[in-house]
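> quick one: sequence plus predicted model below, questions after.
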Amino acid sequence: MAEIASVQEAVQTLITDHESVALEGFTHLIPQGAGHEIIRQGKKDLTLIRLTPDLIYDQLIGMGLVKKLIFSWGGNPGVGSLHRFRDAVEHQWPRELELEEHTHAGLANRYVAGASGLPFMVMKGYRGTDLLRNTKNAAVIDCPFTGEKVAAVAAINPDTTIIHAQQADRKGNVQLWGITGIQKEAAFSAKKVIVTVEEVVDKIEPRPHAVFLPSFTIDVVCKVPGGTYPSYALDYTKRDNQFYKKWDSISRDRNTFMNWMERHVLQTKNTEEFLRSLEGVVT
Amino acid sequence: MAEIASVQEAVQTLITDHESVALEGFTHLIPQGAGHEIIRQGKKDLTLIRLTPDLIYDQLIGMGLVKKLIFSWGGNPGVGSLHRFRDAVEHQWPRELELEEHTHAGLANRYVAGASGLPFMVMKGYRGTDLLRNTKNAAVIDCPFTGEKVAAVAAINPDTTIIHAQQADRKGNVQLWGITGIQKEAAFSAKKVIVTVEEVVDKIEPRPHAVFLPSFTIDVVCKVPGGTYPSYALDYTKRDNQFYKKWDSISRDRNTFMNWMERHVLQTKNTEEFLRSLEGVVT
Amino acid sequence: MMDYTPDEMMTIVAARQLTDGVSCFVGIGLPSAAANLARHLHAPESILIYESGTIGTKPVALPLSIGDEELAETSDTIVPLPEIFNYWLQGNRVDIGFLGGAQIDRFANLNSTVIGTYDNPNVRLPGAGGAPEIASMAKEVFIIMPLKKRAFVEKIDFITSAGFLEGSHSRTDLGFNGSGPSIVITDLGILRPDPESKELTLTELYPGVKEEQVQENIGWKLKIAKNVQVVEPPRDEELQKLRELKKA
Amino acid sequence: MMDYTPDEMMTIVAARQLTDGVSCFVGIGLPSAAANLARHLHAPESILIYESGTIGTKPVALPLSIGDEELAETSDTIVPLPEIFNYWLQGNRVDIGFLGGAQIDRFANLNSTVIGTYDNPNVRLPGAGGAPEIASMAKEVFIIMPLKKRAFVEKIDFITSAGFLEGSHSRTDLGFNGSGPSIVITDLGILRPDPESKELTLTELYPGVKEEQVQENIGWKLKIAKNVQVVEPPRDEELQKLRELKKA
């Protein structure tokens, strides 16, 4: 059964230096608030996992907390580069960043294998590309029935997965809806699961396109309204496309980035203060 | 794009003697109406595929139309045996029935592989059982990363899949909800797809626990209200548990069975007449 | 104290095995009756999962099939079949699986496929369904089967679902996720696997039942524990609730 | 006739390639603009699929990301990521995939991973995303890339997405589902693979563009078709609708 606790407590208890963490979310429902809490608590030497490392991963990397990144597409969606990510890879600033990269389908299927209790999953893809040479977690195997060659990807099982959902009930059951990406598999493949939510409700009503996670599949549920900003929680908050564009200039320069992080993340106590600190500064 | 046509026409055009057909439905939304149409048209030498062959498969088998059955559980749910199925296996009446059997998870994953464009899928299971000896479509392979042994099941791709849904719109898009079982995979793995529906609506509104199939993934949509009887279509019809119990005595004896089929299926033109013929006879 | 049948006793004993808060993969019939009885009594927070994909169901009446509308309408969520088998059962999210079968052997292997030879069976049974995966992947398996000499046999005709195979470490050698059957609940008493050899051993008897009655209904020489305990008879509230459920 | 930019011409030419009723896997940026333009003009029944899992989306404004709320709210359905990749793309349900990249070679292989060496890159690009699977599994691939000498290169630094590999039958040897890129739409003209060698060949030019302008922006000796055609300039309704979409 999930415990209901503060995100400060959840991060303190369940995120451990040197471990792997997946903060998943595919454009929608990105758990930025929990990510900021990891930064505030200065967790370090993390292996981060995510199909689409975006702004919050750029921040974690730029703050020097990340040792290794396992990913499939690292950009600012619709805008361009993640400058802190590039700086780490191109100039080892603020530290070297080890990479393991996949395709979306490949990393998605690594989570599927993890969620399914399997050591690997089969798929097409990888063959004919240079990606096979840069990871030991993809291979080519033969179909035992037809002899056809298919790709195999190794299961991934994060030490901790963090996702954001619209609702939890008081028992810690969770429902998310809209674009739910790879969140169910990220949660099911993990050893420990944190879910931050917009709202705690008395009773969860099933929604279209929803993922329901029973309380017993989660360790801690934390109420963090607005915790996806500048991403969004469908039917609760709006995506701030302007902030995504603005991040390009904030993150391009090391000093501007550090100052911004200092002002808006390190000097704020929580998501509420973080969001308040942006008033008048961004859209 | 799906065509909207009568089930008579759909069966005539898309079900071919000697081919394989999956009429899928896991307790809920079983396409009995389409099955009856196959019986009326006397399609023959069929290979039938389904996790849970139930009453409609018992009827198809008892009528001698089935050459081979690929399945994972062949009983009358909560009641007992399928007598026509047993008679075919135990006494080759009315003809010999070739069997290929799997576990639910195994046959489900055969459909998953088929729906995924893969030659096979991996899973746990089969090992330690006698099931491995009775099918060439399950095997044991080694994980290329850990060496662990896992089961592999070959893709299944029915010539035609028939499923029943609650709603279609006028363009042939389809939505089913409630217990949706393996229907999406059965449809996606098939070469030809027929969907019978309770209702054709102007606009489909997304529902909780729904599967949406775009028109372009379907060949023919047919309106067959009540076409799941004695199974049900959630929010449209009720499961007739009494009929499932009654089937035990109808089907136990060859003559009683043949008379019942003659009276209620062969002498009726369609699902409407079939249902009317049962009034006063069953619950 | 109310009178009761051996079947009622068996169902109630099965219900007592479920601790609160567990996730339980429920088959139709006796398991469904036992699991729902437990949910109405001491285990209100248990999560019942039916193989139809209904999770967290809370039926008032006992369903006839694993897919009755009652199960869909009272569930927390419904997932497609590949998910229930791959993510939930195989993904290690099921604490308890309930199983039965037509035949069982001394190492709790189960047959629900054929009586006789596979190619020319005397009785063709329904087949595997979800049982083999439940047997190998639920963290723990409870078996419920009324005692009958033709059911408790020296050698089963077909291994549909693996118990402890040839006993000892032969199951663990295969690396299954689940630890296997921990109990066989019959209508006369309880058998449990020996911790070392894994051979089923009579550990508890129902009130008034003699050891010989059990042996008479078992086709092999039954191992008997040193101190066979007597199980508490059904309490009134257990019986009343069970009868209420069956009537609804 | 209205004035237009090379970028507008490129987007409109891309939109014209989409026939009505096709299912199209749409990336953000130029592909999304082209696909939505087509949907508003001659292809109202085309099914736009974004890798976020939104199927049959009908956005009024062009989205910034593949997961904007506009896409979720206007879709026929939304499916999880494993399903979009495994059942839809890999399952052969995508007619057209649109791709771009930082580099392309003469056999339409694409690089979106690194410029320079993998271990010590000059420019670290975002990486593969969904592109490799689109490239190998969409039934047909349309590539949109503005011509630049540093983008159209003799040898790409990393094969992220396979085009025709070393040309000829080297792609078909791998047994990919999809037939590969059928067109490369640039801002000056159109290249198509030679039916035999699979080498990209200039087949169409935009109005007023000379063959030499194309060659100047390509890092290999470009093959030129016998009869290079001139593409019809943007019609007013095409331009108006495109500008409307971009403004919304």
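Alright, I've got the coordinates.
> A:Gln12 belongs to a helix?
Yes. Remark: A:Gln12 belongs to a helix, assigned using DSSP: H, G, I helix; E, B strand; the rest coil.
> thinking it is in contact with A:Gln41, fair?
Yes. A:Gln12 is within contact range of A:Gln41, at 6.4 Å (criterion: Cβ atoms under 8 Å). C-beta: built from backbone N, CA, C; applies to glycine.
> tell me if I'm right that A:Glu98 and A:Phe71 touch.
No. Taking contacts as Cβ under 8 Å, A:Glu98 lies outside contact range of A:Phe71: 11.4 Å.
> neighbour-wise, which of the two wins?
Using other Cβ atoms under 10 Å in any protein chain shown as the criterion, A:Glu98 and A:Phe71 rank with A:Phe71 on top: 24 against 12.
> which residues does residue 104 contact?
By default, I'm working from chain A. Contacts here follow Cβ atoms under 8 Å, 6 or more residues apart in numbering or on different chains; on that basis A:His104 touches A:Leu51, A:Ser72, A:Trp73, D:Glu51, D:Leu81, D:Phe85, D:Ala128, D:Gly129, D:Gly130, D:Glu133.
> wait, chain C
If you count contacts by Cβ under 8 Å, 6+ apart, C:Ile104 has them with C:Leu110, C:Asn111, C:Ile143, C:Met145, C:Ala151, C:Phe152, C:Val153, C:Ile156, C:Gly163, C:Val184.
> what residues are bridge-paired with it?
C:Leu110, C:Phe152 (DSSP bridges).
> please apply the same query to C:Ile96.
C:Cys24, C:Glu140.
> measure the residue of chain C found nearest chain B to C:Phe164 for me?
Scanning chain C for the residue nearest chain B gives C:Gly67, at 2.4 Å (criterion: Cβ to the nearest Cβ). Look at C:Gly67 and C:Phe164: by Cβ to Cβ, to the nearest Å, they are 32 Å apart.
> count of neighbours near the spatially closest residue to C:Gly97 that is not a sequence neighbour?
Leaving out its chain neighbours, the residue that sits closest to C:Gly97 by Cβ to Cβ, 6 or more residues apart in numbering or on different chains is C:Ala138, at 3.0 Å. Neighbour count for C:Ala138, taken as other Cβ under 10 Å: 27.
> pretty sure C:Ala138 is touching C:Asp95, no?
Yes. Here C:Ala138 reaches C:Asp95: they are 7.2 Å apart, a contact under Cβ under 8 Å.
> of the contacts of C:Ile104, grab the buried ones for PyMOL.
The buried residues among the contacts of C:Ile104 can be selected in PyMOL (16 or more other Cβ atoms under 10 Å in any protein chain shown) with this line:
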select buried, chain C and resi 110+111+143+145+151+152+153+156+163+184
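> make TSV from the contacts of C:Ile104 and add pLDDT to it.
Shown next, in TSV, are the contacts of C:Ile104 (pLDDT from 0 to 100):
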residue	pLDDT
C:Leu110	98
C:Asn111	98
C:Ile143	97
C:Met145	95
C:Ala151	98
C:Phe152	98
C:Val153	98
C:Ile156	98
C:Gly163	98
C:Val184	98
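> show me which of the contacts of C:Ile104 is closest to A:Val153.
Lowest distance from A:Val153 to the contacts of C:Ile104 (Cβ to Cβ) belongs to C:Gly163, with 33.4 Å.
> how about the closest one, what does it touch?
By Cβ under 8 Å, 6+ apart, the neighbours of C:Gly163 are C:104-105, C:107-110, C:135, C:141, C:143, C:171, C:180-181, C:193, C:198.
> could you redo the last one with a cut-off of 6 Å?
When contacts are counted by Cβ atoms under 6 Å, 6 or more residues apart in numbering or on different chains, C:Gly163 touches C:Phe107, C:Ala108, C:Asn109, C:Pro181.
> my guess is C:Leu202 contacts C:Lys223, does it?
No. Between C:Leu202 and C:Lys223 there is no contact under Cβ atoms under 6 Å: 7.0 Å.
> the two - which one has more neighbours?
For C:Leu202 versus C:Lys223, the count of surrounding residues by other Cβ under 10 Å is larger for C:Leu202: 21 against 15.
> just the pLDDT for residue 92.
Since no chain was named, I'll use chain A. Model confidence at A:Gln92, expressed as pLDDT, equals 98.
> was after chain C, sorry
Confidence score, pLDDT, at C:Asn92: 96.
> just checking, it touches A:Gly117?
Yes. If you go by Cβ under 6 Å, C:Asn92 and A:Gly117 touch, sitting 5.2 Å apart.
> the two: who's more crowded?
A:Gly117 (22 against 17).
> the more buried one and chain B, how far apart?
Distance of A:Gly117 to chain B, computed by Cβ to the nearest Cβ, to the nearest Å: 7 Å.
> how much space separates that residue from B:Glu148?
Relative to B:Glu148, and taking Cβ to Cβ, A:Gly117 is found at 11 Å.
> name the helices or strands packed onto the lowest-mean-pLDDT helix or strand in chain C?
Among the helices and strands of chain C, helix C:69-73 carries the lowest confidence by mean pLDDT, DSSP states H and E, at a mean of 90. Judged by 3 or more Cβ pairs under 6 Å, 6 or more residues apart in numbering or on different chains; DSSP states H and E, helix C:69-73 is in contact with no other helix or strand.
> next SSE downstream of it?
strand C:77-78 (DSSP states H and E).
> three-state assignment of the closest residue to C:Glu70 other than its chain neighbours?
Excluding the flanking residues, the one nearest C:Glu70 by Cβ to Cβ, 6+ apart is C:Pro59, at 4.6 Å. Following three-state DSSP, we place C:Pro59 in the coil state.
> turn the contacts of C:Ile104 into CSV, including distance to A:Asp219.
Shown next, in CSV, are the contacts of C:Ile104 (distance: Cβ to Cβ, whole Å):
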residue, distance to A:Asp219
C:Leu110, 35
C:Asn111, 40
C:Ile143, 32
C:Met145, 37
C:Ala151, 43
C:Phe152, 43
C:Val153, 45
C:Ile156, 41
C:Gly163, 33
C:Val184, 34
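> do you know how far the residue of chain C closest to chain B is from B:Tyr244?
For C:Gly67, the distance to B:Tyr244 - Cβ to Cβ - is 11 Å.
> the more surrounded of those two?
It is C:Gly67, of C:Gly67 and B:Tyr244, that has more neighbours when counted by other Cβ under 10 Å, with 31 against 20.
> wasn't that one part of a strand?
No. Read with three-state DSSP, C:Gly67 is coil and lies in no strand.
> now it, what are its backbone angles?
phi -130, psi 20 (degrees, to the nearest 10).
> that one reaches B:Thr27, doesn't it?
Yes. Counting by Cβ under 6 Å, B:Thr27 is a contact partner of C:Gly67 at 2.4 Å.
> mind listing the shared neighbours of the two?
Here C:Gly67 and B:Thr27 share the contacting residues C:Ser52, scored by Cβ under 6 Å, 6+ apart.
> that older thread, can you tell me how far the residue nearest to C:Glu70 is from C:Thr74?
6 Å.
> of these two, who's got more company?
C:Pro59 (21 against 16).
> how about stretch C:195-205, does it reach chain B?
No. Applying Cβ under 6 Å from any Cβ of the partner chain, one finds stretch C:195-205 separated from chain B by no less than 13.3 Å.
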